[in-house]
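J.: quick one, fold the following:
(one chain, ligands or ions: 4)
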Amino acid sequence: VAKEQGRNRFHYFTASMQEMAQAKMHLTNDLRNALAQNEFQLVYQPIIEFSSGRVQKAEALIRWNHPVRGAISPMEFIPVAEETGLIVDIGNWVFHEAARQTQQWRQRYQPDFQLSINTSPLQLRADASSLQHWQRSLKSVGLPGSALAIEITESLLMDAGFAERLIAMHELGIEVSLDDFGTGYSSMSYLKKFDIDYLKIDKSFVGNLQKGSSDFAICEAVIVMAHKLGIMVIAEGIETSSQLSILDTMGCDYGQGYLFSHPVSALELEKLFKADLKSLSVPNLG
Ligand code: C2E
Ligand code: MG
Ligand code: MG
Ligand code: MG
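T.: Ligands and ions are numbered 1, 2, ... in the order given. Just a heads-up that it's a prediction; the model follows:
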């Protein structure tokens, strides 16, 4: 009986492994065609400047509109894109589309608008020619690099070639933002070593911000430390007006989250440029 059970289990296990492998193969194949089929889209989440309440920045977030499955989350397809190397071409598309859109918005609505772009570590590895591609994009669109910020994650800081890449980005005027700060494996020595422009406090620290909580202490300390190092702070995942007012009081520079706006289409973001989203989100703030 034990042997039979074992065999059945083995069988079952194999079948499900096979299904998973097959599902992934389909996803990979579809992903290969997605660029050519124009299935990607960028949505934009406003980033509010606390001192003025306005939408001074936004974060570009990729969406994949799959012809059969509908919208597929980046959490699902970015890892596959990374494994297959497709992320380099996808990332270059994101950059170009972001640059084009930013140029238009700065011209029409807000001259100092800056767009923040997510990247995978692979895009900034030595063999990826992303930086040359980005430089060409900026030139063809007629956009100064300073209109864009590149979001990187902590793991990239440990990459041998990162120092060189950071200098190259800054030479183009592009600013650099450390995304999901506090969730990865990072050390303070990296902050000392590298000239980072923004720290983004991960939303997992913003959820539970009442006074006396450890998240309160962490956010407060990160903001003080960043400012002493000349780094500006963006808090992500702000969902309540109390989180906003606590972070504002702590001296946080910028914030984004569902309280202000979900990620929206380009057309919808345009409507938000004139708004004071901070006052709108906290009516009793005046
Ligand atoms: P991320 O860069 O940390 O982006 C923030 C994520 O939190 C986004 O999810 C956003 O929609 C979501 N979010 C925003 N405000 C709130 C809030 O108030 N509460 C909660 N619970 N969530 C909020 P999204 O759009 O699903 O993106 C997930 C991740 O996928 C991103 O995390 C980023 O790591 C990655 N990603 C997105 N676009 C790109 C891209 O173009 N390239 C690369 N390499 N990665 C991307
Ligand atoms: Mg991000
Ligand atoms: Mg983030
Ligand atoms: Mg995050």
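J.: tally of neighbours for T119?
T.: 20 (other Cβ atoms under 10 Å). Every C-beta, even on glycine, is put in place using the N, C-alpha and C of the backbone.
J.: give me phi/psi at it?
T.: Backbone geometry at T119, expressed as degrees, to the nearest 10, gives phi -130, psi 160.
J.: contacting residues around stretch 42-55?
T.: 56-63, 94, 97-98, 101, 110, 113, 115-116, 234, 247-248, 252-256, 260-266, 269, 272-273, 275-279 (Cβ atoms under 8 Å, 6 or more residues apart in numbering).
J.: that stretch: end-to-end distance?
T.: This stretch, stretch 42-55, spans 17 Å end to end (Cα to Cα, to the nearest Å).
J.: pLDDT of that stretch, averaged?
T.: The pLDDT scores in stretch 42-55 average 97.
J.: which parts of it are buried?
T.: Neighbour-count burial for stretch 42-55, counted by 16 or more other Cβ atoms under 10 Å, picks out L42, V43, Y44, Q45, P46, I47, I48, E49, F50, G53, R54, V55.
J.: stretch 197-205 too?
T.: So stretch 197-205, judged by 16+ other Cβ under 10 Å, has buried residues D197, Y198, L199, K200, I201, D202, K203, F205.
J.: those: which ones sit near ligand 1?
T.: Counting by Cβ under 6 Å from any ligand atom, K203 from those sit close to ligand 1.
J.: now flag whichever of the buried residues of stretch 197-205 is closest to P144.
T.: D197 (14.7 Å; Cβ to Cβ).
J.: distance of that closest one from L166?
T.: As judged by Cβ to Cβ, to the nearest Å, D197 and L166 stand 10 Å apart.
J.: cool, and I231?
T.: 13 Å.
J.: so where do the helices sit in the stretch 51-200 of the chain?
T.: 74-84, 87-108, 130-141, 162-171, 188-193 (DSSP state H, counting those that start in this stretch).
J.: point out the residues in the stretch 151-286 of the chain that sit beside ligand 2.
T.: Near ligand 2, the residues belonging to the stretch 151-286 of the chain are E151, D179 when assessed by Cβ under 5 Å from the ion.
J.: OK, now which residue of the stretch 151-286 of the chain is nearest to ligand 4?
T.: D180 (4.1 Å; Cβ to the ion).
J.: so, low pLDDT: which residues of the protein?
T.: For the chain, the stretches with pLDDT under 70 are 1-15, 126, 128, 283-286.
J.: for the residue nearest the centre of it, which non-adjacent residue is spatially closest?
T.: The chain has N118 as the residue nearest its centroid, 4.0 Å off, counting by Cα atoms, centre = their mean. Leaving aside its sequence neighbours, N118 sits nearest to E151 (Cβ to Cβ, 6 or more residues apart in numbering; 4.8 Å).
J.: now F181
T.: Leaving out its chain neighbours, F181 is closest to L199 (Cβ to Cβ, 6+ apart), at 4.8 Å.
J.: dig out what the one you found forms beta bridges with.
T.: L178, V233 (DSSP bridges).
J.: how close does it get to ligand 2?
T.: Separation of L199 from ligand 2 (Cβ to the ion, to the nearest Å): 12 Å.
J.: ok, how many other residues are close to N208?
T.: 11.
J.: now H96. Nearest residue, chain neighbours left out?
T.: Per Cβ to Cβ, 6+ apart, closest to H96 is S137, 4.5 Å.
J.: also D159?
T.: P121 (6.5 Å).
J.: wait, doesn't that neighbour sit right on L156?
T.: Yes. Assessed by Cβ atoms under 8 Å, P121 is found in contact with L156 at 4.6 Å.
J.: show me which of the two is the more surrounded one.
T.: Shown here are P121 and L156; by other Cβ under 10 Å, L156 has more neighbours (25 against 18).
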